[in-house]
Each structure stands twice: as structure tokens, then as C-alpha cells.
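Trainee: following is a predicted model, sequence given first.
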Amino acid sequence: MSSSTTGTAAANAESPPATERLSWPPLIALSLGYFLVMLDVTVVTVAIPAIRESVGASASAMAWVVDGYSAVFGGLLLMGGGFGDRLGHRKVFLSGLGVFALASVGCALATTPAMLVASRLAQGAGGALLVPTSLALLTASYPAPAVRAKALGIWAGISGIAFAAGPLVGGLLVAGLNWRAAFWINVPIALVAVWLTRKNVPSPTGRAGARGLDPLGQVLGIVAVMGLAGALNEAGTQGWTSPVVLGVGALALVALVVFVLTERRMEASGTETKPPLLPLSLFRSPGFASTAAVGVLLNLGYYGMLYLSTLYLQNERGYDALGAGLALLPTVCMAVVAAPLSGRLTARYGPYVPMTGALLLGGAGFIGWLLAGSDTPYWMLLPALIATGLATPSTVPAATAAIVQAAPTANAGVASAVFNVARQIGNSLGVALFASLIAGRGDLVSGLHISAIIASAAFFAAALLALSSWRNAKARAAA
């Protein structure tokens, strides 16, 4: 049993009797926190030129502004779940909101690259406290399986909507005010989420404090994820053979190997009070490892192409921040439709049918970016924008449900954390890989075309993984 999920099981034990009615206030409170976390993954993409000019940031510093947030978020996710078990999920969730809001103020007031990067890293830490604890609180708030499935679909769908809405929100704020407004907007939303949480979300204590935090696993996990993200970030500017990239990458690899050995040993001899941070036996659960891989491939393709598409629209086509945000509006519109639709399809057909279909659609959609050129009419890019805008937010709720279902009930929190870590690794890998392709070729359009092919291949590979898991699930049901 993992250290980040006992609170979930305990919360279930203390929950009121299951009903078939979905109460909206707790869901809104918990979803607002998740919305903030995922919005800030992409909200800065269209503001990059304005931020770089304002604070005088180098290309490497801007890579950390964009991806450092995701790196810290991914590296600390499992620790956030562990703190929730130890201190109480509601308390840690509220603390995460506070950290996120204060870090957002730091970003908005930043006058130097170092201050901005540090504040972005702090935002990632706040997000890591929010996501696993919000899932644990959601599970406790909706004990009835049918209602919980619906709430989980909405909660997970919020991430797709927020992720896609980031460029438009950022563009509107940069054009209407300035880039700092993209961070100031987080503060009132966080305050509303705090108020709603204190008023509507119960504070299950259960066995909080009864379990250890696996400090060695925490440190090794952070070093592994942060080292990988750091190597990928620097690869985009210094090259893949840079001594810094190779050295940090080697450190990440060593930390990962030691992490796996440590967690395996702890799981084999673990006790109730000293469980491993990540039970590696989860990866032997049918569908768990494949869905985690889907998370990496999904964000590698989508986030990498989102980063390049904003550069293409601004640097190649001359769009300003608002123009780029409006050009990406179809992605936002499709997310609003796709996320709730995916939740309903997942409830009716299971997670693998909508996941496979969405990934196939996205893989086909990325091919449309091969039409992009220095003077391509915008309408020719619409099919790519619409298809990928439908595919990604349709995949997220289904994949979240799939990985949670693949894990034992008591490990729902750590399962969700693993999926989010996988997605953040995909973010960093996609941006670094596609940015290096542009830098290496010196031609944004040709680099965009190569990246579109890679993104398409990533989605098709993810679809094959989902299809394989679907067939295996049907075979197990028939046996």
C-alpha cells in the first residue's frame, strides 16, 4: 500500500452513506484548484516574447519559466500525496492553494529572470500539494461509485479544458493588460477555492499521521524527475551532447535506478507505518503501465506541438499574443465539448473505447500541420486544431479513470499521481525535443513539420497501447 493513498481509504471509511446525487459545491471547490494548476502549464506560452523582453531572460531561462513549473510539479506529486496522508488531505490542499497564490504574486512582481523562475518553481510545488489531495478529497466526498465516476470525469476533464484554455487566456490578458495579469488572475481564483473548500469540503482525518513519508524515496524521486526535466530543458538550448545535459541526465538515471531498488526493497519488507512511496507492484496491474505510457506520449505530442504552434503563429506569421490566442481558440472550444462528453462515454463504455478513438483522431489531426507554411491560409490549419482540440481533453478523463481502475481502490491517489507525473515528463520531453529540432535545422517551418510527424506517431502509439489494454480487459472479463 502506498504512502499517498491511505488517507483516501480512510476518508472513504468516514464518508456519509452513499447517495446517487452529485453535490456541486465540493466538486467546484476541488476542481478550481486543479484548474489553476493545469491552466498555468500553458498560460505563459503566448506571453513568452513579452516576458522575455520585460525581464531580459535568456532562452535557457525562458525554458525554465515554461517547463520548470511542470518539472517541480511532477517531481513533488507523490510527496504531496504523502503529506496528505500524514497531515490530512484538506489541510494540505488548503496549504497548496496558499503556496500557489503566493507564488503567483511572486511571478507577477518578478523583475529578474531568477525571481521569475524561482516563483514558477514555487508554483509547481503548490500544484504538487493540490492535485493528489484534491483527488483524495473528491473520493471521500462522493462515496457512491456511480456519482464518484461522474465527479471524477468532470474533475479530470477540467484539466483538459484548463490546459487548452491557457493560450487564449494568456493572450487576452497580455493584450488587454500585460503578461503579469496572467499570474495575478490566479490570486482571486485561489481565494474563492479556499472559501469554497472550507465551507463545503469535509475534513476527514482517519488515519492521517499514522504512516511515514519514505524520505529517501521522496529525495530520489525528486532528483530523478527534476534531473530529467533539467537535462531536457538545457538540451533545447545547449544541445543533446552538452556536458551539462549529459551530466544531469546521468544523475537522473542513477537516481531513478536507486529509487526503483529502494522502493522494491521497501515494498518487499514494508510495514503499515513504513510503506514505499510508490509500490512498484502497481505496474504489474493490467493496464496500469500502459496508461502511464499513454500519459507520456499524450503530452509529448500535444504540449510539444502547442509550444511550437505558438512560436509559429507569432514568429513565422507575425501574430501578437492575442492573435495567437484567438487562432488557438478552436482547441479551447473543443475542450469544452470534449471533456464532459468523454466523461459520459467513459461511464457508458469504459475508459478504453473513448481513449482509443480520441488518440486516433489526434494522431490524424497532427498530420494536418504538414500543411503549415509561411503563408498558409488559416482555414487550412483548422482541421488540425479541431481534431487535436477534441482528442487531448477527451483522452485525459478516460485515461485518468483507466489508471485509477487499474490500481487497487486504496491506491487511487498514487495512481492519479503517477499519471500526472507521466504527463509532466511528456511535457518536458515534447518541448525539449521539438525545440531542439527547430534549433538544429534553423528553419521553424521544417522543424514544425518534423515535430508534427513525431507527435502523430506518439498519439498512434498511445492508441495502440489503449487498444491492447482494451482487448486484455475484454479477455479478462470473458474468462
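Mentor: Thanks, I have it.
Trainee: not counting its neighbours along the chain, what's nearest residue 99?
Mentor: residue 126 (3.4 Å; Cβ to Cβ, 6 or more residues apart in numbering). Backbone N, C-alpha and C define where each C-beta goes, glycine included.
Trainee: okay, now that neighbour: neighbour count?
Mentor: Neighbourhood size, residue 126 [other Cβ atoms under 10 Å]: 28.
Trainee: ditto for residue 318
Mentor: Residue 318: 9 surrounding residues under other Cβ under 10 Å.
Trainee: now do the one 4 residues further on
Mentor: Other residues within reach of residue 322 by the criterion other Cβ under 10 Å amount to 17.
Trainee: Three-state assignment for it, please.
Mentor: helix (DSSP: H, G, I helix; E, B strand; the rest coil).
Trainee: for residue 310, see how far away it is.
Mentor: Per Cβ to Cβ, to the nearest Å, residue 322 is found 12 Å from residue 310.
Trainee: would you list every one of the strands in this protein?
Mentor: For the chain, no strands turn up when DSSP state E is the criterion.
Trainee: ok, the residue nearest to residue 356 when sequence neighbours are not counted - contacts?
Mentor: With sequence-adjacent residues excluded and distances taken as Cβ to Cβ, 6+ apart, residue 356 is closest to residue 466, at 4.4 Å. Residues counted as contacts of residue 466 (Cβ atoms under 8 Å, 6 or more residues apart in numbering) are 290-291, 294, 352, 355-356, 359, 399, 402.
Trainee: so which of these is the closest to residue 189?
Mentor: residue 399 (25.5 Å; Cβ to Cβ).
Trainee: count of neighbours near that closest one?
Mentor: Neighbour count for residue 399, taken as other Cβ under 10 Å: 30.
Trainee: and residue 257, by the same measure?
Mentor: For residue 257, using other Cβ under 10 Å, the count is 12.
Trainee: swap in residue 181?
Mentor: Residue 181 has 17 nearby residues by other Cβ under 10 Å.
Trainee: tell me where the model's unsure across the stretch 51-200 of the chain.
Mentor: 59-60, 85, 145-146, 149, 153, 156-157, 159-160, 163-164 (pLDDT under 70).
Trainee: does residue 37 touch residue 99 like I think?
Mentor: No. Residue 37 is beyond contact range of residue 99, at 11.3 Å (criterion: Cβ atoms under 8 Å).
Trainee: okay, those two: which has more neighbours?
Mentor: Remark: of residue 37 and residue 99, residue 37 carries more neighbours, 28 against 20, as counted by other Cβ under 10 Å.
Trainee: ok, that one - contacts?
Mentor: 73, 100, 127, 130-131, 159, 162.
Trainee: same question for residue 40.
Mentor: 69, 104, 123, 127, 166, 186.
Trainee: pLDDT score assigned to the residue nearest to residue 127 when sequence neighbours are not counted?
Mentor: Nearest residue to residue 127, sequence neighbours excluded (Cβ to Cβ, 6+ apart): residue 37, at 3.9 Å. pLDDT recorded at residue 37 is 84.
Trainee: go on, the one 5 residues further on?
Mentor: The score at residue 42 is 72. That number is its pLDDT.
Trainee: what about residue 122, distance to residue 387?
Mentor: In terms of Cβ to Cβ, residue 122 sits 36 Å off from residue 387.
Trainee: look up phi and psi at residue 317.
Mentor: For residue 317, the backbone dihedrals are phi -100, psi -10 (criterion: degrees, to the nearest 10).
Trainee: skipping its backbone neighbours, what lies nearest it in space?
Mentor: residue 374 (7.7 Å).
Trainee: the one you found contacts residue 445, doesn't it?
Mentor: Yes. Look at residue 374 against residue 445 with Cβ under 8 Å: they come within range, at 6.3 Å.
Trainee: between those two, what contacts are shared?
Mentor: When contacts are counted by Cβ under 8 Å, 6+ apart, residue 374 and residue 445 have residue 316 as shared neighbours.
Trainee: more neighbours, these two?
Mentor: Taking other Cβ under 10 Å, residue 374 and residue 445 do not tie; residue 445 has more neighbours (14 against 9).
Trainee: with adjacent residues omitted, what lies nearest to that one?
Mentor: Using Cβ to Cβ, 6+ apart, the closest residue to residue 445 is residue 373 (5.9 Å).
Trainee: count the neighbours of the one you found for me.
Mentor: By other Cβ under 10 Å, neighbour count at residue 373 equals 14.
Trainee: which phi and psi does it have?
Mentor: phi -140, psi -170.
Trainee: quick check: it vs residue 457, distance?
Mentor: On the measure of Cβ to Cβ, residue 373 and residue 457 end up 22 Å apart.
Trainee: and for residue 28?
Mentor: Separation of residue 28 from residue 457 (Cβ to Cβ): 38 Å.
Trainee: same question, residue 247
Mentor: 30 Å.
Trainee: buried set for stretch 314-324?
Mentor: Buried residues in stretch 314-324, counted by 16 or more other Cβ atoms under 10 Å: 314, 316-317, 319-324.
Trainee: what about it, how long is it end to end?
Mentor: The straight-line separation of the ends of stretch 314-324 (Cα to Cα, to the nearest Å) is 7 Å.
Trainee: cool, and stretch 398-416?
Mentor: 12 Å.
Trainee: who's more crowded, residue 122 and residue 387?
Mentor: Set side by side, residue 122 and residue 387 show more neighbours around residue 387, with 23 against 19, by other Cβ under 10 Å.
Trainee: what's the burial count for the closest residue to that one other than its chain neighbours?
Mentor: Nearest residue to residue 387 in three dimensions, chain neighbours excluded: residue 365, at 2.7 Å (Cβ to Cβ, 6+ apart). Residues contacting residue 365 under the criterion other Cβ under 10 Å number 26.
Trainee: cool, and the one 10 residues further on?
Mentor: Per other Cβ under 10 Å, the neighbour tally for residue 375 reads 6.
Trainee: ok, now residue 167?
Mentor: 29.
Trainee: surely it is in contact with residue 306?
Mentor: Yes. Residue 167 lies in contact with residue 306 (Cβ under 8 Å); the separation is 7.0 Å.
Trainee: and for these two, which residues touch both?
Mentor: 42, 45, 328, 331.
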